[in-house]
Every structure is written in structure tokens, then in C-alpha cells.
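Chemist: have a look at this prediction, sequence included:
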Amino acid sequence: MATNRIGNLFTVTSFGESHGPGIGAVIDGVPAGINIDLKAIKLQLNRRRPGQSHISTTRNETDDFDILSGIYGNKTLGSPVCIWIPNKDQKPEDYENLSNVYRPGHADFTYDTKYGFRDPRGGGRSSARITAAWVAAGSIAEQGLKQRYPDISIIAWVSQVHKVKAGFSYPKNRQEVDLSPVRCHDINAARLMEEAIIAAKEAGDSLGGVITCIVNGCPAGIGEPVFQKLQARLGEAMLNLNAVKGVSFGTGFYSAEYKGSELNDAFISENGIIKTSTNHSGGIQGGISNGMPIVFQVVFKPTSTIGSSQLTVDDNGKETQLNATGRHDPCVLPRAVPIVEALTAITLLDLAIIQTISRWD
């Protein structure tokens with residue numbers, strides 16, 4: 001059971017725990033000859049790292065990384081790429097009082113039930129800390145995609161925090177997204193989101209929201225038509241991310257409010273290029289990309305660890321009052337933006353490699 005691996009031909013195997021020596025990933029199936037920009041990897045890691053702003057956790061990890069194999073002279077060799085990210089600011093003592101207590105909303109009880117044992121230090125393997133290595137792997141995947149499809153771009157942003165929603169517009173690039181610590185390009189909405197996060201933090205509470213992602217420049221034909229549909233693969237990737245509770249594509253759940261005559265994307269020819277006049281499908285039809293922008297939304301629940309006291313039970317079923325310690329985000333969405341981008345890149349590159357063996361011409 002390869003439960004720590006994502007992908008079919010381009011695969012990423014994740015390892016490490018939140019407060020262990022470090023975390024990492026082994027990336028296999030990497031095509032040889034991809035030019036790798038290590039600064040681009042570090043940039044994405046910096047966007048995800050803890051301690052980056054006043055609305056994130058105070059855990060201060062620099063997320064410096066080492067490439068242990070698979071790259072020479074800034075080019076991939078075709079052999080497995082191993083990435084190692086040391087944990088430098090782990091504080092396992094913060095969790096000593098939680099070794100026998102089940103935290104509401106966390107995986108403590110389910111891990112104990114499944115394995116009969118668990119690592120209580122920040123959730124161990126179930127912690128979002130391990131996603132740092134996913135981001136590094138995603139940057140390598142993205143660089144591979146850009147080498148094959150130079151016009152492709154993957155941009156995610158926070159489109160909703162709690163009840164505050166951004167306007168319906170797409171950012172031009174990641175720099176525009178990063179103008180706000182909330183990672184929302186709608187400056188007015190970003191200000192209200194930031195205020196809501198700070199208020200929740202001061203009240204000992206947390207907030208959830210929505211991240212929207214757009215992929216421009218993806219060619220038509222990516223995705224398999226039955227059990228490897230593009231939306232199914234992207235949805236699976238996103239639902240493996242901590243705190244994610246739902247994924248929708250294009251018009252998404254609002255599709256239920258339309259008639260077929262209103263929702264169908266009509267095909268048109270523009271300068272000899274076939275496209276659709278609208279994009280309700282979010283760039284995917286029949287499980288395959290149609291050349292239009294791929295657009296999807298990812299719903300996150302509020303952070304489970306909060307500053308307020310919560311009633312729970314210990315592993316003997318005895319009621320106890322939980323006063324959580326440790327360092328946690330009052331809202332995970334700003335730091336989850338590069339993770340969504342990374343998982344998107346990993347999924348698209350895997351399917352792009354599969355596409356190369358789907359036809360001979």
C-alpha cells in the first residue's frame with residue numbers, strides 16, 4: 001500500500017514527521033534534462049513557510065533544503081530526486097500534555113484506532129508540516145511543465161475567508177497575489193480578510209475559507225477519459241491536503257442552478273483555434289483538458305487547534321478540558337496557496353507524461 005505516494009509515472013513519495021529531524025520527498029519518474037532553478041524552489045517554500053507574517057503561526061522554520069540526488073549541473077538526471085528539509089524549530093515539549101488526549105478536529109483518535117500508536121508531537125505524520133516537501137516537489141514538476149509547455153502558468157489565491165469573499169476576477173501573476181499577506185489580489189477584500197483573521201486569533205478561534213486556482217496555457221488533451229479524469233486526479237490531490245473539505249470545478253455547485261441551455265459551453269473557432277465561448281466547465285470536458293483555463297475551488301475548514309478551551313476525552317474515554325499549547329495558524333489559507341499550486345503541478349506533469357504514450361503521432 002503506497003499511501004505516502006502520489007502519482008502514476010511521475011511520483012512523489014513523502015516522508016518525515018512534524019517534530020522529527022526533518023521532512024522530505026523522493027521524486028521518481030522525473031524526465032532527464034529538466035533545467036532546475038533552485039531559487040524558484042526556495043521562493044515557493046518561502047511562500048509556504050511558517051512564521052512569515054503576523055497572521056501565521058510563530059513557528060520559525062527557514063525551510064532551507066538539500067537536494068541529495070537526481071540533479072547535476074542544475075539538470076535532472078532521470079534518476080530519483082531526493083529532497084531533504086530539516087526541522088530547525090521543533091518543540092516537542094509543547095505536546096507532552098497531549099500524548100493521551102484526543103484533540104477535537106485532529107487525527108489523534110483515528111491514528112490511534114488505525115495503528116494502535118501515534119506520534120503526539122504536533123500530529124506527527126498527520127501534520128501539515130510535511131507539505132513543505134510537497135511544495136519543493138511541486139516546483140520541480142512546474143519547471144518540467146514549463147519546459148514542455150512554455151505558456152503554462154499555475155496561480156492560486158485566497159478567494160474567501162469566513163464570510164468575506166473576493167470579487168470575481170483573476171490575478172495576472174503570483175506577484176499580484178502576494179501583495180497582501182492574506183494572498184488575495186482583491187485589496188479591499190484582503191484587508192477585510194486580514195481583519196477577520198486577526199479578530200479570530202485574538203478571540204482564541206480560527207477561520208476557514210476558499211482557495212481558487214487557475215491554470216492558463218494547458219494544452220487540450222491532458223487527462224484520461226474514465227478512471228483518471230483530470231478533475232478526479234486534481235480533486236484527489238487536493239483532498240489529500242490537510243483541512244480540505246471540498247473541491248469544485250468551473251461553475252461548480254452553482255451548476256445546479258442552471259439549465260442545460262445556459263450552462264453548455266459552445267464551441268467557436270477563433271483565428272483557426274477551436275475554443276469555447278464560455279468556461280462553465282472549468283477547462284475540462286469528459287475528464288480531459290479542452291485548452292481553456294482550468295479553474296477550480298478548494299474549500300478549507302477552520303484550523304482545528306484554537307486558543308480557547310475545548311471539552312474532549314483521553315484515550316481511556318475520560319472527559320477532560322483541553323487547553324492547547326503549541327504554535328498554530330488562525331487561518332491556514334494564506335500558507336496553503338503554494339501547496340495547492342504544487343499539487344496541481346505534480347498532477348498535471350504526471351498526466352502530461354501519460355499523454356505522451358497515448359498516441360503515436
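Modeler: In hand now; what should we look at? All values derive from a computational prediction rather than experimental measurement. Numbers count the residues shown, from 1 in each chain.

Chemist: for the stretch 51-200 of the chain, which segments count as helices?
Modeler: 108-115, 131-148, 174-177, 187-202 (DSSP state H, counting those that start in this stretch).

Chemist: what's the closest of these to residue 245?
Modeler: Between residue 245 and the helices of the stretch 51-200 of the chain, the shortest gap by Cβ to Cβ is with helix 108-115, which sits at 15.7 Å. Using the backbone N, CA and C atoms, a C-beta is placed for each residue, glycine as well.

Chemist: quick one: average pLDDT of that closest one?
Modeler: Helix 108-115 shows an average pLDDT of 87 in the prediction.

Chemist: same deal with stretch 324-341?
Modeler: The pLDDT scores in stretch 324-341 average 88.

Chemist: low-confidence ranges, the stretch 51-200 of the chain, go.
Modeler: Applying pLDDT under 70 to the stretch 51-200 of the chain flags the ranges 58-59, 90-97.

Chemist: so where do the strands sit in it?
Modeler: Here the stretch 51-200 of the chain has its strands, by DSSP state E, counting those that start in this stretch, at 66-69, 71-72, 75-76, 81-86, 153-161, 164-165.

Chemist: among those strands, which is the most enclosed?
Modeler: Neighbour counts averaged per stretch over the strands of the stretch 51-200 of the chain are highest for strand 153-161, at a mean of 25; criterion: mean count of other Cβ atoms under 10 Å.

Chemist: so what strands line up beside that strand?
Modeler: Strand 153-161 has the following sheet partners, assigned by DSSP bridges: strand 164-165 (antiparallel), strand 209-216 (antiparallel).

Chemist: in CSV, list the C-alpha atoms belonging to it.
Modeler: The C-alpha atoms that make up strand 153-161 are tabulated as CSV, following Å, rounded to 0.1, in the frame of the first residue of the first chain:
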residue,chain,number,x,y,z
SER,A,153,1.1,29.1,-15.6
ILE,A,154,-0.5,28.0,-12.3
ILE,A,155,-1.8,30.7,-10.0
ALA,A,156,-3.8,30.1,-6.8
TRP,A,157,-5.2,32.8,-4.4
VAL,A,158,-7.4,33.1,-1.4
SER,A,159,-10.9,34.0,-2.7
GLN,A,160,-12.7,33.7,0.6
VAL,A,161,-12.0,33.8,4.3
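
Chemist: thinking again about what came up before, point out the most buried one among the strands paired with strand 153-161.
Modeler: It is strand 209-216: most buried of the strands paired with strand 153-161 by mean count of other Cβ under 10 Å, with a mean of 22.

Chemist: that one: how far from the chain's middle?
Modeler: The gap between where strand 209-216 is centred and where its chain is centred comes out at 10 Å by Cα atoms, centre = their mean, to the nearest Å.

Chemist: before we move on, the earlier item: residue 268: which of the strands paired with strand 153-161 is closest?
Modeler: Distances from residue 268 to each of those were compared using Cβ to Cβ; the shortest belongs to strand 209-216, at 18.5 Å.

Chemist: shouldn't residue 41 be within a helix?
Modeler: Yes - Residue 41 sits within a helix when classified using DSSP: H, G, I helix; E, B strand; the rest coil.

Chemist: pull the longest helix from the protein.
Modeler: Here the longest helix in the chain is taken by residue count, with DSSP state H as the criterion, and it is helix 333-355.

Chemist: same list (the strands paired with strand 153-161) but as CSV, adding distance to residue 84.
Modeler: As requested, these are exported to CSV (distance: least, Cβ to Cβ, whole Å):
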stretch, distance to residue 84
strand 164-165, 38
strand 209-216, 27
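
Chemist: nearest to residue 273, out of those?
Modeler: When the strands paired with strand 153-161 are compared by Cβ to Cβ, strand 209-216 sits nearest residue 273, at 14.6 Å.

Chemist: okay, the helices of the stretch 51-200 of the chain, which one's buried deepest?
Modeler: Per stretch, and counting mean count of other Cβ under 10 Å, the top mean among these goes to helix 131-148, which has a mean of 24.

Chemist: what packs against it?
Modeler: Using 3 or more Cβ pairs under 8 Å, 6 or more residues apart in numbering; DSSP states H and E as the contact criterion, the neighbours of helix 131-148 among helices and strands are strand 11-16, strand 22-28, helix 38-48, strand 81-86, helix 333-355.

Chemist: deepest-packed of the ones you listed, please.
Modeler: Mean neighbour count, computed with mean count of other Cβ under 10 Å, is highest for helix 333-355 among these, reaching a mean of 26.

Chemist: CA atoms only: put that helix into CSV for me.
Modeler: Only the C-alpha atoms of helix 333-355 are listed here, as CSV (Å, rounded to 0.1, in the frame of the first residue of the first chain):
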residue,chain,number,x,y,z
LEU,A,333,-5.3,29.5,3.7
PRO,A,334,-2.5,32.1,3.0
ARG,A,335,0.2,29.5,3.5
ALA,A,336,-1.8,26.8,1.6
VAL,A,337,-1.8,28.7,-1.7
PRO,A,338,1.6,27.4,-2.8
ILE,A,339,0.6,23.9,-1.7
VAL,A,340,-2.4,24.0,-4.0
GLU,A,341,-0.1,25.2,-6.8
ALA,A,342,2.4,22.4,-6.1
LEU,A,343,-0.2,19.6,-6.1
THR,A,344,-1.7,21.0,-9.3
ALA,A,345,1.8,20.9,-11.0
ILE,A,346,2.5,17.4,-9.8
THR,A,347,-0.8,16.1,-11.1
LEU,A,348,-0.5,17.9,-14.5
LEU,A,349,3.0,16.7,-15.1
ASP,A,350,2.1,13.1,-14.3
LEU,A,351,-0.9,13.2,-16.7
ALA,A,352,1.2,15.0,-19.3
ILE,A,353,3.8,12.2,-19.2
ILE,A,354,0.9,9.7,-19.6
GLN,A,355,-0.3,11.6,-22.6
